[in-house]
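>>> Sequence and predicted structure below; questions after.
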Amino acid sequence: MQTPSPNVVVIYDSLIARDGAAAALAGYFTVNQVPLEKFITEGSFDAPVNVFCVNAGELETTKQVKKVLQTCQNEALFVLPTHNSDGITRLRGITDAEFLVLPFNGNELRSLIKKALNRSVERSWDTLHPQKRKALKEAVVCFENCFDLVQHGEPVPIEAIQDCCHHIRDAAELGDLNNWIDALDNHHDYSFRHSMFVCGTLSYFAHAIGIGGADLDQLTVGGLLHDIGKAKIPLEILDKPGKLNAHEWSIMKLHPVYSNDILADENGLDADLVAMAVSHHERIDGAGYPSALSGAQINDQVRLTAIADVYSALIDKRAYKGSMTCEAALDMMSSFEGHLDMDLLRSFRGFVLDQVHTLP
């Protein structure tokens, strides 16, 4: 369920390392395989990340890699065919880039590439207003920490999340939701990107219609945590680059149940906030999941979260679909009677279109 990914250049003099890297990246990235000698003679290829699949144990190879790194400014990672201590020591002498040694789990390499891609996206935040920059940089650290703790069976860090969401509230006071969305648009951690779309949309909308104080805090924190249950979904499903099959979808639909398991026992979390994570896939007509709630059983916070969640999914791009314009997304959502709260959606539509019409 990832955004379409850019090209990755696999630079190799080791066929076995090249094949291992290519197998891990197939379907997730567009891979251009280039022999090391050709890369040296023809120069840099147009890709944000270079994966060097090389025999670090060969002194001449290390010299060639050093030459390439001196002229190439792209992010670099290494896949080594064997663990050669002398070669790794020489490699460490010319670069601090991360490396993997065969055999490895494909998720490891894909994760390293996503982090490398995201570093350039996160550097672009330096041009934002200081409050928005601080909110995003705090959020990416907080979100990654939350997912990591949940995956290791630890409780979510509520105080850190609340502090992070205060910065998001400060950013929302500046207005311009589209600027927030644009800053996140090319981030390659889909779970983070989507949660920040939803969290930002809720906070910006709530601020615009006069919601403040504890209610605004609750919506912002609830938005950040609304998909926390996905931390328990296998990466092979969570990061799948295409549509999920029926079995995979049945597993994905468990994430609200996992959210309840994660959040229900947290001290100090309001039940309405927990409901945002557990019930935002419920529908007004009772055809949603996980509990088939309907009508008055679905509170306003959950109804708002459902709108933000659907809107964020429609305007985002995936490997299997392009993004919609905000107008097209709102038009489609207007046909979701029985699913979404139409009165709240009309207010939301006005807010979003006002944002569009006030663009410079």
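Structure's in. What do you need?
>>> Quick check: end-to-end length of stretch 64-84?
Start to finish, the residues bounding stretch 64-84 are 17 Å apart (Cα to Cα, to the nearest Å).
>>> got any ranges where the chain has weak pLDDT?
1-6, 44, 267, 318-322, 357-360 (pLDDT under 70).
>>> which stretches of it form strands?
7-12, 30-35, 49-53, 75-80, 99-101 (DSSP state E).
>>> how about the helices in the stretch 1-150 of the chain?
15-25, 36-42, 59-71, 85-94, 106-124, 130-151 (DSSP state H, counting those that start in this stretch).
>>> Which one, of these, ends up nearest to Thr305?
helix 130-151 (16.8 Å; Cβ to Cβ). C-beta: built from backbone N, CA, C; applies to glycine.
>>> any idea how far that closest one is from the chain center?
11 Å (Cα atoms, centre = their mean, to the nearest Å).
>>> And stretch 163-175, by the same measure?
With Cα atoms, centre = their mean, you get 19 Å for stretch 163-175.
>>> Same check on stretch 129-137?
17 Å.
>>> For it, give me every contacting residue.
Contact partners of stretch 129-137, identified using Cβ atoms under 8 Å, 6 or more residues apart in numbering, comprise 122, 125-126, 128, 164, 167-168, 170-171, 173-174, 179-180, 183-184, 196.
>>> same check, this time on stretch 343-360
For stretch 343-360, with Cβ under 8 Å, 6+ apart as the criterion, the contacting residues are 175-178, 205, 208-209, 300, 303-304, 307, 311, 326-327, 330, 333-334, 336.
>>> hmm, back to that, any idea which of the strands of the chain is most buried?
strand 49-53 (a mean of 27; mean count of other Cβ atoms under 10 Å).
>>> Return the list of strands paired to that strand, each annotated with direction.
Strand pairing for strand 49-53, determined by DSSP bridges: strand 7-12 (parallel), strand 75-80 (parallel).
>>> Can you list the neighbours in contact with the first one?
To tie it back to what came earlier, the one meant is strand 7-12. 18, 21-22, 25, 29-36, 39, 45-54, 68, 74, 113.
>>> just the last one next, same as before
When contacts are taken as Cβ under 8 Å, 6+ apart, the neighbours of strand 75-80 outside the stretch itself are 14, 17-18, 20-21, 48-56, 69, 87-88, 91, 95, 97-102, 104, 109, 112-113, 116-117, 119-120.
>>> so how far is that strand off the chain centroid?
Using Cα atoms, centre = their mean, the offset of strand 75-80 from its chain centre is 22 Å.
>>> Which stretches in the stretch 251-360 of the chain count as helices?
255-263, 271-279, 300-315, 326-333, 342-357.
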